[in-house]
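> turn this into a structure:
(4 chains)
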Protein chains: 2
Amino acid sequence: MRVKAARTKRKARRRARLSDVAAKAGVSAVTVSRAIRKPEMVSEDVRRRIDAAVRELGYVPNYLASALASARTHIIGVVVPSLTNGVFVDYLRALHDFFLPKGFQVLVLNSRYSLTEEERAIATLIGHHAEALIIAGIDQTERSRTLLEGANVPIVQTMEIGDDPIDINIGLSQHDAGYAATRYLLDLGHRKIAHIAARIDFRAKRRMEGYQQAMADAGIDCANMVEATTQQSTVQRGAEMFRAVIGRLPDIEAIFCCNDDLALGALFECQRRGIRVPEDLSIVGFNDLEYCASAYPPLTSVATPRYEMARQAAEIVFEIIRGSGQRPKQHRIDLGFKIVARGSTAERRRGKTPRPAAPAREARAGAK
Amino acid sequence: MRVKAARTKRKARRRARLSDVAAKAGVSAVTVSRAIRKPEMVSEDVRRRIDAAVRELGYVPNYLASALASARTHIIGVVVPSLTNGVFVDYLRALHDFFLPKGFQVLVLNSRYSLTEEERAIATLIGHHAEALIIAGIDQTERSRTLLEGANVPIVQTMEIGDDPIDINIGLSQHDAGYAATRYLLDLGHRKIAHIAARIDFRAKRRMEGYQQAMADAGIDCANMVEATTQQSTVQRGAEMFRAVIGRLPDIEAIFCCNDDLALGALFECQRRGIRVPEDLSIVGFNDLEYCASAYPPLTSVATPRYEMARQAAEIVFEIIRGSGQRPKQHRIDLGFKIVARGSTAERRRGKTPRPAAPAREARAGAK
DNA sequence: TTATAGGATGAAAGCGCTGTCAATGGCGGC
DNA sequence: GCCGCCATTGACAGCGCTTTCATCCTATAA
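Numbers count the residues shown, from 1 in each chain, chains lettered A, B, ... in the order given. Down below sits the predicted model:
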């Protein structure tokens, strides 16, 4: 009996709303609304009474009603293919750093590398009336594009630059980055350069194409030097794939990994097998995640401007939303990349003695 | 001129709404609403016409209006302190895996290990009328607790179990896990066991207290064996902190790291300095992230049931929301933890020859 | 044929808030 | 002493959808 009564009571306890606060403070609902949003428009005395009532009732504004009435959601919609991937950590951090202090919520949806889920995520965000959409990648389905074009809010495609942006596009050429990483190994004198790639998405694929192009340009047939899988990319998988490669091609001199996790797995596997890095084998990762610099030996990788990319996207979007600026003239921004040479790569041993790693070098792709 | 016209047009193009679709399909708005939500209630013919109109107009339902009118948001609010931390990857995956197929959106907010930001996140989620809140940790501010209690939706606190849950609590004893990890090293014969901890939050602190307790119980004074910082936890920091420890205490025999990233950093630093793991030093991490098994040597760690924890939280919450079940009798579920012994730990060397690693062992804390 | 059930559709009333405009009252200036 | 201005406050409509209840129509039974 008591339980039932308690539950009934619980159920009955309706959430306080604006009019409840107004009644308690002895003012009208509009005044409460103003006191909350623009306190300076309300007299000292009334404000105090309203504050007290709010606290007493535990009032939390109904965001839905507010957004519906004002046609402002203060939501920035973000779609990323993964939360696991260290890449998006910096990316999301930049967005949060920028938007939260400005009173915007960043609504992040994970498409898990699936175009269907991406479509769903986009529809969800549009349904929530996000004031801008920031999306990783340039490869959306037709339906996604249609939705985005009809959304009537600024859209930014990031991570990669393409020829046919929906609205604004800011990123880098994944193909060129893959090419440059491979070229870097070729320049060190290596010829037998393997490539491993997991979670083959569009970007990874284009990095791989860059690799293939570089190899072809160097006159090397790399057909059987590539190991790829659509499975999730993990350190463990890096080790596995490296085992597969080394089993097939015991004499490879270098390996370009599609991302740092794979590179780390490959490095561990080398340690396990007594393969010396970089003396016996050079390893290059991709993204330059935090741990690359700390590994032993430190991993050479391709640094991508993840934070900066998201920050610029945020800035552009914010200007448009604020309505102050016109849409930027430049709808396509190439932020380039940088090869960070570290101890995991070295020149090909020609004599007996290992050579030190090559000095740091940069490759920066300019905007078109 | 053309530009201006285009912009005006763009601005003027209002988003299609229910009544637009209705007009185009020659039915009433209610019918369209039904056709979208419960297609079986609408005749074949009408449904087809509506579908066509929806597609033609690129109609996306206004989620805000829908949620306001129906008092159902289909949002599950989630607060985690970090997206960087590998721990929450599995945790969030479990929540997505469970809720997305059921038509719920998982709204994740990051409190960045700040109680103030957590408060804000909670208020935001309540304002969005999330139908349930799942929060990492049991250490909320007074205001947060008040807000949560007033929200009138199921609340789950996770990751750690405490004595005074707000509603439902599902996790493990961080203190006991820290104790067990240390005890494990003690049982291997080690006495000089250091502890490093970064990003000292409540849970890390309680793991540390477990360590201190275990050391005290073993009659060892560990006052100067602890290295802690509130800075972010990274692999790099693990290396740094390990340097600090080894500089101060060159003769330590083992180290218990507050998480796997630090352990990995410590491992790399050992490799760099030629300290053999586990012959010269045993290393224990915490969480058993994916890469632990692949490292060289593989890292001993404390496995925490992150996925399972979130899954159970989701299940309980879902039952309550659906209204089918009563609230569960058991509001406090202890899922325990497991020590996963791997190659990075070994018995203390008593003679000259290193001994192999200890066999795997488990410690499972039962629910109270 | 008429009564009746049930499926399909529509009309009206909000959900809780904000934008807009009107009303009120106190104050200084002429 | 009267006017007009500004600072406060309130009334009302409506954001786009769903819920509820009423209506209409067809098919079936009596």
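> got a list of what the closest residue to A:A16 other than its chain neighbours touches?
Ranked by Cβ to Cβ, 6 or more residues apart in numbering or on different chains and with sequence neighbours excluded, the top spatial neighbour of A:A16 is A:L57, at 3.9 Å. Placement of C-beta: from N, CA and C, glycine included. Contacts for A:L57 (Cβ atoms under 8 Å, 6 or more residues apart in numbering or on different chains) come out as A:16, A:20-21, A:24.
> the nearest residue to A:H96 once chain neighbours are set aside pairs with what?
What sits nearest to A:H96 in space, not counting adjacent residues and going by Cβ to Cβ, 6+ apart, is A:V106, at 5.6 Å. For A:V106, the beta-bridge partners are A:I76 (DSSP bridges).
> what's near enough to touch the residue in the stretch 251-368 of chain A that DNA strand D sits nearest to?
Proximity of the stretch 251-368 of chain A to DNA strand D (Cβ to the nearest atom of the strand) peaks at A:I321, 18.0 Å away. For A:I321, the contact set (Cβ under 8 Å, 6+ apart) comprises A:131-132, A:154.
> can you give me the buried ones in stretch A:201-217?
A:201-208, A:210-215 (16 or more other Cβ atoms under 10 Å in any protein chain shown).
> ok, stretch A:270-277 next?
Buried residues in stretch A:270-277, counted by 16+ other Cβ under 10 Å: A:270-272, A:275, A:277.
> can I get those residues in CSV including distance to B:L249, secondary structure and pLDDT?
Below are those laid out as CSV (distance: Cβ to Cβ, whole Å; DSSP: H, G, I helix; E, B strand; the rest coil; pLDDT from 0 to 100):
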residue, distance to B:L249, secondary structure, pLDDT
A:C270, 31, helix, 98
A:Q271, 26, helix, 97
A:R272, 29, helix, 96
A:I275, 33, coil, 97
A:V277, 30, coil, 96
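> now for those: which two are most distant?
A:R272 and A:V277 (11.7 Å; Cβ to Cβ).
> now A:V226, which residues is it bridged with?
A:H195.
> residue contacts, it?
A:194-197, A:208, A:211-212.
> nearest to chain B among the residues you listed?
For the contacts of A:V226, the residue nearest chain B by Cβ to the nearest Cβ is A:I196; the value is 14.2 Å.
> mind checking how far the closest one is from B:D139?
Distance, A:I196 to B:D139, using Cβ to Cβ, to the nearest Å: 43 Å.
> more neighbours: the two, which one.
With neighbours defined as other Cβ atoms under 10 Å in any protein chain shown, A:I196 and B:D139 compare such that A:I196 has more, 27 against 17.
> look at that one and report its pLDDT.
We note a pLDDT of 98 for A:I196 in this prediction.
> then A:Q213?
Reported pLDDT for A:Q213: 98.
> show the contacting residues for it.
A:175, A:179.
> what distance do you get for it to A:S301?
20 Å.
> quickly note the distance from the residue nearest the centre of chain A to chain B.
Nearest residue to the geometric centre of chain A (Cα atoms, centre = their mean): A:F88, 3.0 Å. Relative to chain B, A:F88 is positioned 8 Å away (Cβ to the nearest Cβ, to the nearest Å).
> who's in contact with that residue?
With Cβ under 8 Å, 6+ apart, A:F88 has these contacts: A:80-82, A:136, A:306.
> now check stretch A:38-52, is it near chain B?
No - Stretch A:38-52 lies out of reach of chain B by Cβ under 8 Å from any Cβ of the partner chain, never closer than 14.0 Å.
> is that stretch in proximity to DNA strand D?
Yes - using Cβ under 7 Å from any atom of the strand, stretch A:38-52 comes into contact with DNA strand D via A:41-43, A:45-46.
> are any of the residues you listed buried, and if so which?
Here, 16+ other Cβ under 10 Å leaves A:42, A:46 buried among the residues of stretch A:38-52 next to DNA strand D.
> where do the strands of chain A begin and end?
Ranges of strands in chain A, per DSSP state E, are A:75-80, A:105-110, A:132-136, A:155-160, A:168-172, A:193-197, A:226-228, A:254-257, A:282-284, A:301-303, A:332-334, A:338-340.
> can you state the direction angle for the second one and strand A:75-80?
Taking axes from the mean of the first three to the mean of the last three Cα atoms, to 10 degrees, one finds that strand A:105-110 is oriented at 20 degrees with respect to strand A:75-80.
> ok, the fifth one next?
Computed with the same axes, to 10 degrees, the direction of strand A:168-172 lies at 40 degrees from that of strand A:75-80.
> is strand A:168-172 positioned near chain B?
No - residues of strand A:168-172 contacting chain B under Cβ under 8 Å from any Cβ: none, with a closest distance of 14.8 Å.
> could you say what helices and strands that strand packs with?
strand A:155-160, helix A:306-322, strand A:332-334 (3 or more Cβ pairs under 8 Å, 6 or more residues apart in numbering or on different chains; DSSP states H and E).
> so what strands line up beside the last one?
Strands adjacent to strand A:332-334 in the sheet, as given by DSSP bridges, are strand A:168-172 (parallel).
> what's in contact with the partner strand?
A:138, A:154-162, A:304-305, A:309, A:312-313, A:316-317, A:327-328, A:331-337, A:365.
> near DNA strand D too, which of those?
Okay, of the contacts of strand A:168-172, nothing touches DNA strand D (Cβ under 7 Å from any atom of the strand).
> mind checking which of those residues are buried?
By 16+ other Cβ under 10 Å, the contacts of strand A:168-172 give A:138, A:154-162, A:304-305, A:309, A:312-313, A:316-317, A:332-337, A:365 as buried.
> for A:E308, give its distance to A:T158.
11 Å.
> typed the wrong thing, it's A:A244
Computed as Cβ to Cβ, the A:A244 to A:T158 distance reads 33 Å.
> check A:E119 too.
Taken as Cβ to Cβ, the span from A:E119 to A:T158 is 18 Å.
> what's the answer for A:H96, then?
From A:H96 to A:T158 the distance is 15 Å (Cβ to Cβ).
> swap in A:I252?
From A:I252 across to A:T158, the span is 34 Å (Cβ to Cβ).
> any idea how far stretch A:163-176 is from the chain center?
14 Å (Cα atoms, centre = their mean, to the nearest Å).
> what is the end-to-end distance of it?
Taking Cα to Cα, to the nearest Å, the first and last residues of stretch A:163-176 lie 14 Å apart.
> check contacts around the residue lying closest to A:Y179 once chain neighbours are set aside.
Nearest residue to A:Y179 in three dimensions, chain neighbours excluded: A:G210, at 3.7 Å (Cβ to Cβ, 6+ apart). Counting by Cβ under 8 Å, 6+ apart, A:G210 makes contact with A:174-182.
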